[in-house]
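Student: model this:
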Amino acid sequence: MQRNPESEVRAAEHLRFIRDMMARSGSFTAVPGWGMIAMGATALPTAWVAGLQTAPGRWLAVWLLDAVLAACIGVIALLRKTRQSDVSLRSGPGRKYVLSLLPPMVAGLLLTIAAWQHDQTALLPALWLLLYGAGTITGGAYSVRAVPLMGIGFMALGTAALLVPFGWGNVLLAVGFGGLNIGFGLIIAKYYGG
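Tutor: Numbers count the residues shown, from 1 in each chain. Here you go, the predicted model:
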C-alpha cells in the first residue's frame with residue numbers, strides 16, 4: 001500500500017482536534033491529593049495553636065498564616081501535578097476548575113476583612129467553611145467525583161459552625177481543613193494519581 005503524506009497530515013490534525021475536544025470537555029483530574037494532605041497536616045496544629053489564643057486578633061493571625069501557607073502548598077502541588085499529568089490550567093476543565101474555585105476564595109478574603117472590621121470574628125469559622133465548601137463544589141463540578149463530595153462536607157461543617165458556640169470553631173476548622181483535606185486527599189492520591 002502506498003503512503004499518502006497528505007492523508008497522514010490530515011489524520012494527525014483530526015487526532016489533535018479530537019484530543020483537544022476531549023480535554024476541554026472532560027474532567028480536571030490534576031487535583032493534588034498529596035497537596036491536600038499537606039494542607040490538612042498544617043491545619044491540625046494551627047487549630048491547636050489558634051485555640052490557645054485569648055485575643056481575637058491573634059486567633060485570626062494564626063489562621064491567616066496557615067491560610068497563606070496552605071495556599072502556597074496548594075498552588076505548588078497543583079502546578080506540579082498538572083505538569084506531571086500534562087494537563088493545562090489555561091484551557092478546558094483546568095481553567096473551569098480554577099475559575100469556579102477562585103471567586104468564593106476571594107469572597108472569603110473580603111468577608112474576613114469585613115468581619116474583622118465589625119468585630120464579628122465569631123462568624124469566621126462558618127464563613128470560611130461554607131465558602132471553601134462552595135468553591136470546592138463549584139470547582140469540583142469540573143473535576144473528579146471526590147472533590148464536590150468534599151465540598152459538601154465543608155458546607156455541612158460550616159452550617160454546624162453557625163449553630164454552635166464560637167469555642168467549637170477551631171474544632172470544626174480542624175475537622176474540615178485538617179480532616180477532610182487529609183481524608184479526601186488520600187482518596188484522590190490513591191485513585192487519581194497523586
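
Student: same for the biggest helix by length in the chain, what does it pack against?
Tutor: Longest helix in the chain by number of residues (criterion: DSSP state H): helix 56-85. Applying 3 or more C-beta pairs under 8 Å, 6 or more residues apart in numbering; DSSP states H and E, we find helix 56-85 packed against helix 33-51, helix 92-117, helix 124-140. Heads up, the C-betas are built off the backbone N, CA and C, glycines and all.

Student: in that helix, what's buried?
Tutor: 59-60, 62-63, 66-67, 70, 73-74, 77-78, 81-82, 85 (16 or more other C-beta atoms under 10 Å).

Student: what's the angle from it to helix 92-117?
Tutor: Angle of helix 56-85 versus helix 92-117, following axes from the mean of the first three to the mean of the last three C-alpha atoms, to 10 degrees, is 170 degrees.

Student: below-threshold pLDDT in this structure: ranges please.
Tutor: For the chain, applying pLDDT under 70 flags the ranges 1-2, 7, 11-12, 14-30, 91, 93.

Student: can you give me the neighbour number for the residue lying closest to G185 once chain neighbours are set aside?
Tutor: Among residues not flanking G185 along the chain, M36 sits closest, at 3.1 Å (C-beta to C-beta, 6 or more residues apart in numbering). Residues lying near M36 (other C-beta atoms under 10 Å) number 28.

Student: next one: the one 4 residues further on
Tutor: Residues within reach of G40, counting by other C-beta under 10 Å, total 23.

Student: next one: T46
Tutor: 23.

Student: same check on G194?
Tutor: Here the number of neighbours of G194 (other C-beta under 10 Å) works out to 17.

Student: that one against Q84, yeah?
Tutor: Yes - between G194 and Q84 there is a contact under C-beta atoms under 8 Å: 7.4 Å.

Student: list the contacts for the nearest residue to G35 once chain neighbours are set aside?
Tutor: Using C-beta to C-beta, 6+ apart and skipping the chain neighbours, the partner closest in space to G35 is A77 (2.3 Å). With contact set as C-beta atoms under 8 Å, 6 or more residues apart in numbering, A77 has these partners: P32, W34, G35, M36, A38.

Student: and the third one, how far from V75?
Tutor: When C-beta to C-beta, to the nearest Å is the yardstick, G35 and V75 sit 9 Å from each other.

Student: quick one, which of the helices and strands packed on helix 56-85 is nearest to F184?
Tutor: Nearest of the helices and strands packed on helix 56-85 to F184, taken as C-beta to C-beta: helix 33-51 at 6.4 Å.
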